[in-house]
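Trainee: everything below, folded, please.
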Amino acid sequence: MARVKRGVTSHAKHKKTLDAAKGFYGRRKNTIRAAKAAVDRSMQYATRDRKAKKRVFRALWIQRLNAAVREFGLTYSRFIDGLAKAGVAVDRKVLSELAITQPEAFKAIVEKAKAALPQTA
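Mentor: Numbering: from 1, shown residues only. Sure thing, here's the model as predicted:
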């Protein structure tokens, strides 16, 4: 059987890892053993944070909506309840953008939600 030299393959794998470690601090950017560990860990963080990002943005939209609807005498919870009862199907991301960029349109949606809620004395 012919002898197989693996220098090219190993060099390519090492280069791929070191490219991924570009910008890291100290030995983590240029020593293959340290870089491999750092890159593996960074990939774990990236995977975890792609999931967390969705939660963080939803929380941000909810905070913005709560602040925006309080100007109209509602809370976020009552606003969402009013939207459901009025049959308005607009997601929180779009509502948040409307509150910031188009206050008149947002006011119309809030009024519609308010009208759908039962009036309390």
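
Trainee: what's the nearest residue to L83 if we skip its chain neighbours?
Mentor: A113 (4.8 Å; CB to CB, 6 or more residues apart in numbering). (C-beta placed from N, C-alpha, C; glycine too.)

Trainee: which residues are in contact with the host helix or strand of that neighbour?
Mentor: Element membership for A113 (DSSP states H and E) is helix 103-116. The contact list for helix 103-116, computed with CB atoms under 8 Å, 6 or more residues apart in numbering, reads 68-69, 72, 74, 79, 82-83, 85-86, 88, 90, 95, 98-99.

Trainee: how about that helix as CSV, C-alpha atoms only?
Mentor: Output in CSV follows, covering the C-alpha atoms of helix 103-116 (Å, rounded to 0.1, in the frame of the first residue of the first chain):
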residue,chain,number,x,y,z
PRO,A,103,-47.2,57.6,16.0
GLU,A,104,-50.5,58.5,14.2
ALA,A,105,-50.9,54.9,12.9
PHE,A,106,-50.0,53.5,16.3
LYS,A,107,-52.6,55.8,17.9
ALA,A,108,-55.3,54.5,15.6
ILE,A,109,-54.4,50.9,16.6
VAL,A,110,-54.5,51.8,20.3
GLU,A,111,-57.9,53.4,19.9
LYS,A,112,-59.2,50.3,18.2
ALA,A,113,-57.8,48.1,21.0
LYS,A,114,-59.3,50.4,23.6
ALA,A,115,-62.7,50.3,22.0
ALA,A,116,-62.7,46.5,22.1
